[in-house]
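**Student:** Test case, fold it:
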Amino acid sequence: MATDPQKRLTIPEYLAFERQSELRHEYLDGEVFAMTGASRAHNLIAGNIFGELWSQLKKRPCEAYKEGMRVRTPAGLFTYPDVAVVCGEPRFDDVEFDTLLNPTLIVEVLSPSTEAYDRGTKAKQYGSIPTLKEYVLVAQSRILVEQWTRNGEDGDWQRSELIRPEDALELRSIRCQLLLSGVYERVFG
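**Tutor:** Numbering: from 1, shown residues only. The predicted structure is shown next:
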C-alpha cells in the first residue's frame with residue numbers, strides 16, 4: 001500500500017483496513033507500513049523456532065503463534081512478530097481475537113532491511129509490554145542469537161548472546177530450550 005504521508009489513520013481505521021487487506025501492515029503513530037516478503041533463510045529459521053516451541057508447549061497452558069498473530073504494544077504499535085508465545089490466559093484487543101496484548105516471549109528473525117528497526121523502535125515498543133519477559137533476535141546471515149531477558153526485580157533487561165550450533169537457548173519465561181543447531185537447521189551446512 002502506498003500511504004499518503006499527510007493521511008494518518010486512526011487505530012479503528014487501521015484495523016478495518018488491515019482486516020480487509022490481503023497483505024499485512026504494521027501501524028505506529030497513525031502511519032501504516034506494508035510488510036515485505038521474507039527470504040528462504042528467514043522462513044526456515046522462523047518455522048524451526050515455531051515448530052520446536054509448539055511441540056514443547058503442547059501440554060502446557062501456553063500458546064505459540066506464527067507471524068500471522070498481530071501484537072499491540074501499550075504505546076500503540078501494531079506488529080506481527082515472527083513468533084510470539086503467551087503463557088496463561090491470552091488477552092486480545094477486541095472480539096476479533098487477532099491482536100494479542102500480553103505476549104510472554106517475542107522472537108524476531110533479523111533481515112537486513114529491518115534489523116535497525118527491530119533493535120531500536122520495535123525493541124523499545126516491545127519493552128513497554130508489561131507481560132513480556134524475553135525478546136529474542138535471531139540473525140539469518142550467520143549463527144547468532146541475542147536474548148534479552150527482563151529482570152524480575154527491577155524490570156531492567158539483560159542481554160546474552162549465543163553463537164555456536166551446540167549452544168542451547170534457555171527460554172526461562174516459558175520453560176523451553178532451543179538448540180541453535182535446530183534453529184538453523186537447513187540454513188547452513
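
**Student:** ok, the spatially most central residue of the chain to Glu52 distance?
**Tutor:** The residue lying closest to the centre of the chain (CA atoms, centre = their mean) is Pro81, at 2.7 Å. Per CB to CB, to the nearest Å, Pro81 is found 16 Å from Glu52. (Glycine included, C-beta is placed from N, CA and C.)

**Student:** what does Leu77 give?
**Tutor:** With distances taken as CB to CB, Leu77 is found 27 Å from Glu52.

**Student:** Same question for Thr99.
**Tutor:** Thr99 sits 25 Å away from Glu52, going by CB to CB.

**Student:** now for whichever strand or helix holds Phe17, which elements pack on it?
**Tutor:** Using DSSP states H and E, Phe17 maps to helix 11-20. Under the contact criterion of 3 or more CB pairs under 8 Å, 6 or more residues apart in numbering; DSSP states H and E, helix 11-20 touches strand 25-28, strand 78-79.

**Student:** Try it again at 10 Å.
**Tutor:** If you count contacts as 3 or more CB pairs under 10 Å, 6 or more residues apart in numbering; DSSP states H and E, helix 11-20 packs onto strand 25-28, strand 31-34, strand 70-72, strand 78-79, strand 99-100.

**Student:** Dump these to JSON lines, plus distance to Leu15 and mean pLDDT.
**Tutor:** Formatted as JSON lines, the helices and strands packed on helix 11-20 follow (distance: least, CB to CB, whole Å; pLDDT from 0 to 100):
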{"stretch": "strand 25-28", "distance to Leu15": "8", "mean pLDDT": "96"}
{"stretch": "strand 31-34", "distance to Leu15": "11", "mean pLDDT": "93"}
{"stretch": "strand 70-72", "distance to Leu15": "9", "mean pLDDT": "98"}
{"stretch": "strand 78-79", "distance to Leu15": "8", "mean pLDDT": "97"}
{"stretch": "strand 99-100", "distance to Leu15": "8", "mean pLDDT": "98"}
